[in-house]
Structure formats: structure tokens, C-alpha cells
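# Provided below are the primary sequence and the corresponding predicted coordinates.
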Amino acid sequence: MGKNERELHYLQMIVDFYMDHEDKNIVALLMRISESLERMRACA
């Protein structure tokens, strides 16, 4: 796992941790970030 891949994985873990937040706007934002990270990881 390269440096960029590790950083993406770490950021994904942080996003996943906060996904249980009760504020629906924050959850929607985190979902979009999570989806973007998945696409970035697939391209890496």
C-alpha cells in the first residue's frame, strides 16, 4: 500500500467514523466524500 493509498484509507476511516452523526446535512456531505474517496482509490 503506497503513501497516497494509506492516506485515502485513513481519510475513509475518519469519514466512516462520523457517518453515524445525527445531522442529516453532515451525513450527506460525508457520503459524497466517501463516494469520492472510493472512486479515487479505484483510480490509484
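The structure has been received and is ready for your questions.

# ok, residues contacting the longest helix anywhere in the chain?
Longest helix in the chain by number of residues, with DSSP state H as the criterion: helix 24-43. The contact list for helix 24-43, computed with Cβ atoms under 8 Å, 6 or more residues apart in numbering, reads 5, 8, 9, 11, 12, 15, 16, 18, 19, 21. All C-beta spots, glycine's among them, are computed from the backbone N, C-alpha and C.

# Which pLDDT value goes with the first one?
Each residue has a pLDDT score; the one for residue 5 is 79.

# Give the helix, strand or coil label for it.
Secondary structure, DSSP: H, G, I helix; E, B strand; the rest coil: residue 5 is helix.

# what's the spacing between it and residue 29?
As judged by Cβ to Cβ, to the nearest Å, residue 5 and residue 29 stand 23 Å apart.

# ditto for the second one
Summarising the geometry, the distance separating residue 8 from residue 29, computed by Cβ to Cβ, is 17 Å.

# neighbour-wise, which of the two wins?
Between residue 8 and residue 29, counted using other Cβ atoms under 10 Å, the more crowded position is residue 8 (18 against 14).

# burial of residue 11, as a residue count?
Look at residue 11: counted by other Cβ under 10 Å, it has 15 neighbours.

# which residues of this protein score low on pLDDT?
Within the chain, the stretches with pLDDT under 70 are 1, 20-21, 44.

# and if we set it to 80?
Scanning the chain for pLDDT under 80 picks out 1-5, 8, 15-24, 26-27, 41, 44.

# circling back to that earlier point, sitting in strands, which of the contacts of helix 24-43 do you find?
Among the contacts of helix 24-43, no member falls in strands (DSSP state E).
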